[in-house]
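Can you look at this prediction? I've put the sequence above it.
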Amino acid sequence: MIEARGVTVRYGEVVAVDRVDLTVDKGEIVGVIGPNGAGKTTLLECLEGLRRPDAGEIRVGGIDPRVDRDRMARIAGVQLQHSAYPPRASVDDVCRLFAGFYPDGAGYPELLEQFGLTSHRRKQVAKLSGGQQQRLSLALALLGRPDVVFLDELTTGLDPAARRVIWEELRRRNNDGLTILLTSHHMEEIEYLCDRVGILVKGRFVATGSPAELVREHAGGGDRLMLEGVAADTALRAELTALAGVSVTPAGNRLLVRAEDAGSRERVDGVLADRGIAARPLAASLEDVYLTLSEEQTHVH
Ligand SMILES: Nc1ncnc2c1ncn2[C@@H]1O[C@H](COP(=O)(O)OP(=O)(O)OP(=O)(O)O)[C@@H](O)[C@H]1O
C-alpha cells in the first residue's frame, strides 16, 4: 500500500529525512516513533504528497502522491491540523465542506457520533478544545472511506477515555481492511495498535520490527529497576551512574536503572540497601528499547 525508497529531505544544512525506505502492506498498522525533530512529520508529509522529497521514490496504492493528486485524495485520508480549516467555520460547516469531496461523504453525522462530537456540531472549530479538535481531524481523515490513513501524533491531547474510543474505532476499521501509518509519542498506543514499528532517529530508521520483536532484540539482557520519587536525589543518581555496567535514565519523578549483568545488579542493590530505598523490577518494554536506541544514536553523532 505504501512503498518508499531512498526518501531524503534537506532543510538547508539539516538532513531531516535521510535515505529512508519504508514498505507498508495493505491492512497493516505501522507506527513511526522517534525523538522530537527526528523527521517523522517530514516523512509523513512526503508520503501524503504534501512535500516533495529532495530524493527518493514514493508510491501509495501504486500512485505517485504528488503527480496523481485526485486519485491520491480518493484513497488516502490525512489528519489535518486545525489551522487548515476556514476561520470561523463550525464543525458542521467543515464536515459539509469535506463531505462534498467524496461520493459517500454524507455519512459524516455517524462519524461525529462515534467520536463524541454530535453535541458540538454548531460550535466554531476554533472554539473546540484541543482534544475535540483532534477528534474532528480524525473524523475528517476517515470521511471519504479511505484505503489508507496517515495519522500524525494520533491521540496527543486526548483524555484516556477518548483515546480508548479512537483505538477501538481504528482497530475496527483496520479489521475491515484500512491500512494505517501513524506517529506517536505514546508507547502504550504503539504497542496496542501497531503490527510493526520503526524507530526514527536523525532521519534514519535505527530499528524496525513488531513491538515484541524490538523488545526481544534490543531491550538487551540485564535487569531494569524503577526507583520511585527519587529523581531529585542528585547524590543517589551520581552514585548509581558511577557504577560499572549501570545506566540511569530519569523518567518524571522516577529513575529507571539498568544493570547489565549480575555483578552490576549486586552493586546497585548495595547502594539501595545502604540508603534504604526499595526498587520495583520492570519487565522490558518498548519504551526501554526506544529510550536505549534513541539515546545511543544521539550520543554517537
Ligand atoms: N519547514 C522547515 N524548515 C526548516 N527546518 C525544518 C522545517 N520543518 C522541520 N524542520 C527540521 O527538520 C527536522 C525534522 O522535523 P520534523 O518536524 O519532521 O520532526 P518530528 O520527528 O516530526 O518531530 P516532533 O516529534 O517534534 O513532531 C527538525 O530538525 C526540524 O527542525
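Nice, thanks for sending it over.

Point out the residues in the stretch 101-250 of the chain that sit beside the ligand.
The stretch 101-250 of the chain has no residues near the ligand, with proximity defined as CB under 6 Å from any ligand atom. Yep, even glycine has a C-beta here, placed from its N, CA and C like the rest.

what about the residue lying closest to A244 once chain neighbours are set aside, distance to the ligand?
Nearest residue to A244 in three dimensions, chain neighbours excluded: S264, at 6.2 Å (CB to CB, 6 or more residues apart in numbering). Look at S264 and the ligand: by CB to the nearest ligand atom, to the nearest Å, they are 32 Å apart.

State the distance from H120 to the ligand.
H120 is 26 Å from the ligand, by CB to the nearest ligand atom.

before we move on, what about V91?
From V91 to the ligand the distance is 26 Å (CB to the nearest ligand atom).

And D269, by the same measure?
On the measure of CB to the nearest ligand atom, D269 and the ligand end up 37 Å apart.

Please apply the same query to I63.
Remark: distance between I63 and the ligand (CB to the nearest ligand atom) = 23 Å.

Can you name the residues that contact that residue?
71-72, 75 (CB atoms under 8 Å, 6 or more residues apart in numbering).

what is it paired to in the beta sheet?
I63 has the following beta-bridge partners by DSSP bridges: V60.

Please apply the same query to V257.
L225, V248.

which stretches of the stretch 51-200 of the chain form strands?
For the stretch 51-200 of the chain, the strands defined by DSSP state E, counting those that start in this stretch cover 55-60, 76-78, 148-151, 179-183, 196-201.

Please pick the buried ones from the contacts of I63.
Buried subset of those (neighbour count, 16 or more other CB atoms under 10 Å): 72, 75.

now, among the contacts of I63, which is nearest to the ligand?
M72 (20.3 Å; CB to the nearest ligand atom).

before we move on, which element is the residue nearest to A244 in?
helix 262-275 (DSSP states H and E).

From the contact counts, what lies against the helix or strand that that helix is followed by?
Remark: after helix 262-275, the chain's next helix or strand is strand 280-281, criterion DSSP H and E. When contacts are defined as 3 or more CB pairs under 8 Å, 6 or more residues apart in numbering; DSSP states H and E, strand 280-281 packs onto strand 223-227.

what does the average pLDDT come to for the strand it packs on?
Average pLDDT, strand 223-227: 88.

Check which residues of the next helix or strand after that strand are buried.
Counting by DSSP H and E, the element after strand 223-227 in chain order, helix or strand, is helix 234-241. For helix 234-241, the neighbour count (16+ other CB under 10 Å) marks 236-237, 239-240 as buried.

mind giving me JSON lines with those residues and columns for pLDDT?
JSON lines is the format used below for those (pLDDT from 0 to 100):
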{"residue": "L236", "pLDDT": "94"}
{"residue": "R237", "pLDDT": "93"}
{"residue": "E239", "pLDDT": "95"}
{"residue": "L240", "pLDDT": "96"}
